[in-house]
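K.L.:
Sharing a model that was predicted from the sequence below.
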Amino acid sequence: MIEITNPAFNYDKTGQRYSTIRQTDNRISSYVHNTLGVAKTVLNIGAGAGSYEPKDRYVIAIEPSKVMRAQRAVTNKVPAIHGFADHLPFDDDAFDAAMAMVTVHHWPDIKAGLEEIRRVTKGQILVLTFDPDALDEFWNVNYFPELIEIERKRYPAIAYLTEVLGGEIEIQKIPIPLDCKDGFQEAFYGRPEAFLEKEVRAAQSAWGFLPGEIEKQYVQSLEEELKSGEWDRKYGHYRTQSTFTGALRLIVAKPE
């Protein structure tokens, strides 16, 4: 059993190539941007390299990692402020909307972070995350079981997030396109060879919590089944399936 004392991933150590793998997918982005509605000012917390930030709004980004902040210039994003979700340097109701894109599982104090975001946001809060109760729907649970257990420990329950956020809640299940540009795990549901690439795994934080010898075993096992055709016998239909709806969720919390 792998213990996780701190869910935050050290992107300053291994995140130098993150933005080459984890990019905005415009089809997923459409769900985010449509939900922003008429909001003109947007706070992005745990902003990373800037994926899913709207280009037609005034955006303020908060990001604790120096390496991730540096990559924003490469993707033509606004510079990010060094900061953390649970201590935001803004007045109450400073922003029309706020977004947290696949980041809450990194926060040591999720409740404090969400409460801070609500404090500084007048309107809707968008949280893009993965439902830990739906992680079994993806085939990788049969190849990387301990990796998925790490994910379950880090991703907060959807019910917990909605309880803390409060207000009027909408939960959207987001379909993932076959050629998804954002390289999280489910993005490769029909492209399993991607998991054989170290650079791809390095951009998926859960691998950073897995002992190296276990990672090596998992990758070797998948590679062997790909070479033998066993993976395709069991899951080959995913190679031509246009979308996959797994654990990806967009939570929208509007004040009452």
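P.N.:
Alright, I've got the coordinates. Numbers count the residues shown, from 1 in each chain.

K.L.:
All the strands of the protein, in order from the start?
P.N.:
41-45, 58-62, 80-81, 97-101, 125-130, 168-173, 176-177, 243-244, 248-254 (DSSP state E).

K.L.:
Who is the residue nearest to residue 95 when sequence neighbours are not counted paired with across the strands?
P.N.:
The spatially closest residue to residue 95, leaving aside those adjacent along the chain, is residue 43, at 4.4 Å (Cβ to Cβ, 6 or more residues apart in numbering). (C-beta placed from N, C-alpha, C; glycine too.) Counting by DSSP bridges, residue 43 is bridged to residue 60, residue 98.

K.L.:
For residue 43, list the residues it contacts.
P.N.:
Contacts for residue 43 (Cβ atoms under 8 Å, 6 or more residues apart in numbering) come out as 59-62, 88, 90, 94-95, 97-99, 117, 120-121.

K.L.:
again with residue 92
P.N.:
For residue 92, the contacting residues are 119-120, by Cβ under 8 Å, 6+ apart.

K.L.:
switch to 6 Å and redo it
P.N.:
By Cβ atoms under 6 Å, 6 or more residues apart in numbering, the residues touching residue 92 are residue 119.

K.L.:
again, but for residue 18
P.N.:
So residue 18 contacts residue 203 (Cβ under 6 Å, 6+ apart).

K.L.:
Can you give me the distance of it to residue 244?
P.N.:
Residue 18 sits at a distance of 23 Å from residue 244 (criterion: Cβ to Cβ, to the nearest Å).

K.L.:
about what we covered before: would TSV of the contacts of residue 43 with distance to residue 256 be doable?
P.N.:
Below are the contacts of residue 43 laid out as TSV (distance: Cβ to Cβ, whole Å):
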residue	distance to residue 256
59	26
60	25
61	28
62	25
88	22
90	22
94	20
95	18
97	16
98	17
99	20
117	16
120	17
121	14
